[in-house]
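Student: show me the folded form of this:
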Amino acid sequence: MEGEGNVRIGVRRAPFRTLRLVARAAVDYALPPRCPACGTIVGADRQFCLVCWSSLEFLDGPACARCSIPLPNAIPDGDLQCGACLADPPPFEGAPAAVAYGPAARTVALRLKYGRRLGHARLMAALMLRPLRALAGEGAGEGGALLVPVPLHRWRLWSRGFNQAALVAGELARLSGIPHDPHLLLRAKATPSLRGRGRRERERIVAGAFALVSDAKGCAAGRHLILIDDVHASGATLRAAARVLRRSGAARLSALCWARVVPEAQGGKTFDFAALDSDMQQERMTG
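Tutor: Residues are numbered from 1 along each chain as shown. Have a look, this model is predicted:
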């Protein structure tokens, strides 16, 4: 009898499944899926075209153990550190990113942040999942790790309507099973845009911008906190946020981003952060 009941339910639901398939086909015909970077028609949602996919530089080679800057000419070593971290160690242990900051990665981040393409958060999280699992380790979904998005000040949040880092963190939590807390860290001070600012000026602007909620120690003590953001440029924002999170009693502190700005030369040539156009771009993007 139970089997017959299931068959009847399946028969009743069949027309609805057919209707959904027909509706989906109609939508795809009128609004076909497009590459999130260049807009070329592709076969499925949140899928890059071949050209844009080939242009993405995945950061999975030798890197600094502290800041995760790629060191392609180095011999892989767990204790390998870049010169900058040896001179001034950051307040986090590891800050990997899924891809290097380039045209396709930049467009995806900007279209999420300023173009309100909220579905891009799911795409970014899917490609950030592998470095997240490597960072968090086994058993991270059982209470060890906690994802903490870099917050926006309430005025910026009200004007934009969402926090892109929180959207990405939520998708990562859904995919990985690692919990996230979008309220553990606060943006206590409104800061001007970092667009066109140099490294030292950025650090001055974000100094004192973050604060912990009153019960942060109860939520974070003994855990591995992982800061989540979209673009790692000079690292000023991540450093400022991490310094505050260290007061929570966390056992370990790391960071994870969608894209990482990689200096064009590993030694000698300084990257011009004042010319960077990630979160320093205009606050409207319709492309």
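
Student: where does the stretch 1-150 of the chain have low pLDDT?
Tutor: Scanning the stretch 1-150 of the chain for pLDDT under 70 picks out 1-30, 76-78, 138-143.

Student: all helices in it, in order from the N-terminus.
Tutor: 2-30, 50-55, 83-87, 103-113, 120-136 (DSSP state H, counting those that start in this stretch).

Student: number of nearby residues for the closest residue to residue 111 other than its chain neighbours?
Tutor: Spatially, and ignoring its direct neighbours in sequence, residue 111 is nearest to residue 117 (4.3 Å; Cβ to Cβ, 6 or more residues apart in numbering). (Glycine included, C-beta is placed from N, CA and C.) The tally of other residues near residue 117 (other Cβ atoms under 10 Å) stands at 16.

Student: do the one 3 residues further on as well
Tutor: Look at residue 120: counted by other Cβ under 10 Å, it has 26 neighbours.

Student: spit out the contact partners of it.
Tutor: Counting by Cβ atoms under 8 Å, 6 or more residues apart in numbering, residue 120 touches 36, 46, 108-109, 111-112.

Student: most neighbours among the residues you listed, which one?
Tutor: Top of these by neighbour count (other Cβ under 10 Å): residue 108, with 28 neighbours.

Student: can you tell me how far it is from residue 256?
Tutor: 16 Å (Cβ to Cβ, to the nearest Å).

Student: returning to that earlier point: look up how far residue 162 lies from the residue nearest to residue 111.
Tutor: Taking Cβ to Cβ, one finds residue 117 at 11 Å from residue 162.

Student: before we move on, what about residue 228?
Tutor: 14 Å.

Student: who's more crowded, the two?
Tutor: Neighbour count, other Cβ under 10 Å: between residue 228 and residue 162, residue 228 has more, with 27 against 14.

Student: tell me where the stretch 101-250 of the chain has strands.
Tutor: 145-149, 185-187, 210-212, 224-232 (DSSP state E, counting those that start in this stretch).

Student: of all those strands, which one comes closest to residue 121?
Tutor: Comparing the strands of the stretch 101-250 of the chain by their distance to residue 121 (Cβ to Cβ), the top pick is strand 224-232, with 9.1 Å.

Student: elements contacting the closest one?
Tutor: With contacts taken as 3 or more Cβ pairs under 8 Å, 6 or more residues apart in numbering; DSSP states H and E, strand 224-232 sits against helix 103-113, helix 120-136, strand 145-149, helix 164-176, helix 236-245, strand 252-260.

Student: one more time with 10 Å, if that's ok
Tutor: strand 97-100, helix 103-113, helix 120-136, strand 145-149, helix 164-176, helix 236-245, strand 252-260 (3 or more Cβ pairs under 10 Å, 6 or more residues apart in numbering; DSSP states H and E).
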